[in-house]
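Student: return a 3D structure for these sequence lines:
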Amino acid sequence: MNSEAPEEGNAFLAQKSKLEQRYQVILDRVTPHSTERWAFTGVALFIYFLRVFIAQGWYIVTYALGIYLLNLFLAFLQPKFDPSLEMDMAADAVEEGPTLPMRSDEEFRPFVRRLPEFKFWHSATRAIVIAFGCTLFRFFDIPVFWPILLIYFCILFTITMKRQIRHMIKYRYIPFNIGKKSYGKSSFK
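Tutor: Here you go, the predicted model:
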């Protein structure tokens, strides 16, 4: 009997490993198709909202999903290296002595996101699927007055995005390609 227990554990781990490999293959295949990935996520979000609307419940789950997606979106908009912190460190370094150039007019520094687009998509899609799974259980349907949650979320979204846009304007970074100079198509493939 003792010899069977490790075999069952190994079989479980082997099956888990196979599933993880299959999942990774699927992710690898969809990685270059960003438009299709986001279309799938949009359809999944629409189906989730339709489910919540028809069932008239799970407002807390929806609120938590909204806060999580807002958090992901903010991480997607922010640079990996915060310019405000770098300016503070540069000011401290000036007091210590000469250093390498740190200002944007002295050297080119590309915009690197704190949360890359693929990880943003993957986390958002996974969160929507988990939230949809929560709507299958009445345990998560906590009775609340949903207009208050909606108003609070809208206020939170407005304040947060206003602060983020001010930060983007103050430190002159644009997280999108809109309005950036384009020097023609590259001949390299």
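
Student: all helices of this structure, in order?
Tutor: 4-30, 34-55, 59-77, 83-96, 117-134, 146-170 (DSSP state H).

Student: kindly reformat the ones you listed as a markdown table containing distance to residue 176, mean neighbour count and mean pLDDT.
Tutor: C-beta here means a position set from N, CA and C on the backbone, and glycine is covered the same way. Below are the helices of the chain laid out as a markdown table (distance: least, CB to CB, whole Å; neighbours: other CB atoms under 10 Å; pLDDT from 0 to 100):
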| stretch | distance to residue 176 | mean neighbour count | mean pLDDT |
| --- | --- | --- | --- |
| helix 4-30 | 22 | 10 | 87 |
| helix 34-55 | 14 | 13 | 96 |
| helix 59-77 | 9 | 17 | 95 |
| helix 83-96 | 17 | 11 | 60 |
| helix 117-134 | 11 | 17 | 96 |
| helix 146-170 | 10 | 12 | 92 |
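
Student: could I get those helices as TSV with distance to residue 140?
Tutor: TSV is the format used below for the helices of the chain (distance: least, CB to CB, whole Å):
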stretch	distance to residue 140
helix 4-30	25
helix 34-55	11
helix 59-77	5
helix 83-96	38
helix 117-134	4
helix 146-170	14
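
Student: and residue 186, what's its pLDDT?
Tutor: Each residue has a pLDDT score; the one for residue 186 is 54.

Student: ok, so what distance separates the residue nearest to residue 36 when sequence neighbours are not counted from residue 145?
Tutor: Nearest residue to residue 36, sequence neighbours excluded (CB to CB, 6 or more residues apart in numbering): residue 30, at 7.2 Å. Look at residue 30 and residue 145: by CB to CB, to the nearest Å, they are 39 Å apart.
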